[in-house]
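Undergrad: can't give you the sequence, but here's the structure:
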């Protein structure tokens, strides 16, 4: 191929000779005997003028800038390599017995994989069946049964249900074998807080998410451990928003009855922020809400472990 300034190059892939002529204004003109060769010569010309830019864009897209520009680009590279996954980390089944339209465990997983086309789901029944060993074992088995590598990743979950001010929390694990933590009388009556729960989560590599926070099932944010409680469920399709008083789909002092399950304004998320807590947010269905509330995770791999770790990017 004859290139600008009289040079001649061997360009692999050309079917016939082609020529690039640059006029006095620096505009290249490409001559070829077929369309294929014309486009191949055009690519050669673009690389000749903009090879650094093409390489930069390539590295930026793959998250490889730190290889050439140093450690200051590591965080940017990490963010580039994350993928977005959609799912629900709080959905009940008939195991919970406090609602009559949620469906069975099998139907819960089929809803996630077939009807909602989620990437992940966690079925979080109350104490995984009120501390019954069989329902806990059954759900452990089904999480593994419905695992479809690269397509659908269920997580091991349970709801720990205490009334205000300790509140309801969902606990999530990436590995099987962790029984729900029993609720002692002192914690149920709010004489003690969540310290034992946080110890349990750290021991078993789990996380906790408060939910329904501005209701009688919520919390006044007396407790938080960012290591194991980095996120709050801010909205449920079945219930309300708990962002701040009077927020869209949230109740206020003027219409507290617009909120299901009671009115405890100390539990709004903004009050947690005012205390200096750094809590990410997610949405869920809770009960039989369908398709209108879910969460998204950013993670670099589609496995239980990586989705569990990706909760910081929800």
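TA: Sure, I can see it. Keep in mind that this is a model prediction, so the values were computed, not measured.
Undergrad: just grab the bridge partners of residue 84 for me.
TA: residue 298 (DSSP bridges).
Undergrad: how close does it get to residue 111?
TA: 21 Å (C-beta to C-beta, to the nearest Å). For glycine as for every other residue, the C-beta is placed from the backbone atoms N, C-alpha and C.
Undergrad: three-state assignment of the spatially closest residue to residue 201 that is not a sequence neighbour?
TA: Distances taken as C-beta to C-beta, 6 or more residues apart in numbering put residue 228 closest to residue 201, at 4.0 Å, once the chain neighbours are dropped. Three-state call for residue 228 (DSSP: H, G, I helix; E, B strand; the rest coil): coil.
Undergrad: state the pLDDT value of residue 228.
TA: pLDDT for residue 228: 97.
Undergrad: still on that earlier bit, compare residue 84 and residue 111 (neighbour count), which wins?
TA: residue 111 (22 against 11; other C-beta atoms under 10 Å).
Undergrad: against residue 283, how distant is the more buried one?
TA: 16 Å.
Undergrad: surely the residue nearest to residue 201 meets residue 199?
TA: No. Applying C-beta atoms under 8 Å, one finds residue 228 not in contact with residue 199, separated by 9.1 Å.
Undergrad: who's more crowded, those two?
TA: The neighbour comparison of residue 228 against residue 199 (other C-beta under 10 Å) goes to residue 228, with 19 against 13.
Undergrad: ok, now which ones touch the more buried one?
TA: Residues in contact with residue 228, defined by C-beta atoms under 8 Å, 6 or more residues apart in numbering, are 198, 201, 202, 206, 207, 208.
Undergrad: tell me where the chain has strands.
TA: Under the criterion DSSP state E, the chain contains strands at 19-22, 28-31, 83-91, 120-123, 153-154, 156-160, 169-173, 206-210, 231-236, 280-284, 295-299.
Undergrad: most packed of those strands?
TA: Among the strands of the chain, the stretch with the highest mean neighbour count (mean count of other C-beta atoms under 10 Å) is strand 120-123, at a mean of 27.
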